[in-house]
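Visitor: below are the sequence and a predicted model; questions follow.
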Amino acid sequence: MSTITLRVNNQTHTIDCSPRTLLVEALREKLRLTGTHVGCDTSQCGACTVHVDGKSVKSCTMLAVEAAGAEITTIEGLAQNGELHPMQAAFAEHHGLQCGFCTPGMVMSATDLCRRNAKPSEHDVRHWLEGNLCRCTGYHNIVKAVMAASEATHDHDGGK
Amino acid sequence: MSAQGIGAPVKRKEDRRFLLGKGQYTDDITLPNQAYAVFVRSPHASAKIGRIDAAAAASIFLIFACACGERTNTA
């Protein structure tokens, strides 16, 4: 067993886990942050996407021990003081979700895109989200939501 | 323009909790003292099952039910 310290959503946690525990397992089972989902066993679906030190990462493809000392943000950490992050608001406004299972991964992935590229094109969004699968929506409204969020954020404070 | 009536959008109620990561999908739910189902699969591609002995498992786990394929008298 290993004892590791993680910073998750601005809170410090010390947990015991086996060295082969995946980061997604540690988040869901040890920290009870079940917003991050496991949708496949093959690193394809992206429902497990979180931010590790500012970058989007598939948490199923990383060991918890690898994340020791890192700053992790999960879907639960995006909204501040009960107010939706612009990306979350855009998904709601543009019907970018149906069952919602892929949604945390989509939102976490898309926020990283918009952090790197303040004005992504539709092609940029579709290419970036190739690692996030959705069975319900057919993707069009997800792309619209991400485009709307990037425009809204860009208008407000010059890109974030 | 009216926000109600024919032609007005009807907002979904469930989106907020899904977007906040608070959707309770099956694997997100933990009940007190919940049991787990485990499927033990044959290591042989083609074989005849002679018998199933759950004693070793029973010494480690509390087994609620073990479906071992015995024939029953019900239809």
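Guide: Thanks, I have it. Numbering: from 1, shown residues only, chains lettered A, B, ... in the order given.
Visitor: what ranges do the helices span in chain B?
Guide: In chain B, the helices defined using DSSP state H lie at B:15-19, B:55-60.
Visitor: same list (the ones you listed) but as JSON lines, adding mean neighbour count.
Guide: Every residue, glycine included, has its C-beta placed from N, CA and C. What follows is the helices of chain B, written out as JSON lines (neighbours: other C-beta atoms under 10 Å in any protein chain shown):
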{"stretch": "helix B:15-19", "mean neighbour count": "21"}
{"stretch": "helix B:55-60", "mean neighbour count": "9"}
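Visitor: quick one, which of these gets closest to chain A.
Guide: helix B:15-19 (3.0 Å; C-beta to the nearest C-beta).
Visitor: name the helices or strands packed onto that closest one?
Guide: Applying 3 or more C-beta pairs under 8 Å, 6 or more residues apart in numbering or on different chains; DSSP states H and E, we find helix B:15-19 packed against helix A:86-93, helix A:103-116.
Visitor: can I get those in JSON lines with mean neighbour count and distance to A:His37?
Guide: As requested, the helices and strands packed on helix B:15-19 are exported to JSON lines (neighbours: other C-beta atoms under 10 Å in any protein chain shown; distance: least, C-beta to C-beta, whole Å):
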{"stretch": "helix A:86-93", "mean neighbour count": "22", "distance to A:His37": "15"}
{"stretch": "helix A:103-116", "mean neighbour count": "24", "distance to A:His37": "6"}
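Visitor: re earlier: the helices of chain B: lowest mean pLDDT?
Guide: Lowest mean pLDDT within the helices of chain B: helix B:55-60, at a mean of 80.
Visitor: now render the helices of chain B as CSV, adding distance to A:Val57.
Guide: Below are those laid out as CSV (distance: least, C-beta to C-beta, whole Å):
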stretch, distance to A:Val57
helix B:15-19, 20
helix B:55-60, 36
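Visitor: for chain A, what lies in contact range of chain B?
Guide: Within reach of chain B by C-beta under 8 Å from any C-beta of the partner chain, chain A has these residues: A:28, A:32-38, A:74-76, A:79, A:84, A:88, A:91-92, A:95, A:97, A:100-101, A:103-104, A:107.
Visitor: one more pass at 6 Å, please.
Guide: A:34-35, A:75-76, A:79, A:88, A:91-92, A:97, A:100, A:103-104 (C-beta under 6 Å from any C-beta of the partner chain).
Visitor: between those residues, which is nearest B:Ala55?
Guide: A:Thr34 (35.7 Å; C-beta to C-beta).
Visitor: if I look at the closest one, how far off is A:Ala149?
Guide: 24 Å (C-beta to C-beta, to the nearest Å).
Visitor: compare those two (neighbour count), which wins?
Guide: Neighbours were tallied for A:Thr34 and for A:Ala149 using other C-beta atoms under 10 Å in any protein chain shown; the higher tally belongs to A:Ala149 (26 against 23).
Visitor: for that one, give me phi and psi.
Guide: The phi and psi values for A:Ala149, taken as degrees, to the nearest 10, are phi -60, psi -40.
Visitor: surely it and A:Ala89 touch.
Guide: No. Using C-beta atoms under 6 Å, A:Ala149 makes no contact with A:Ala89, being 7.5 Å away.
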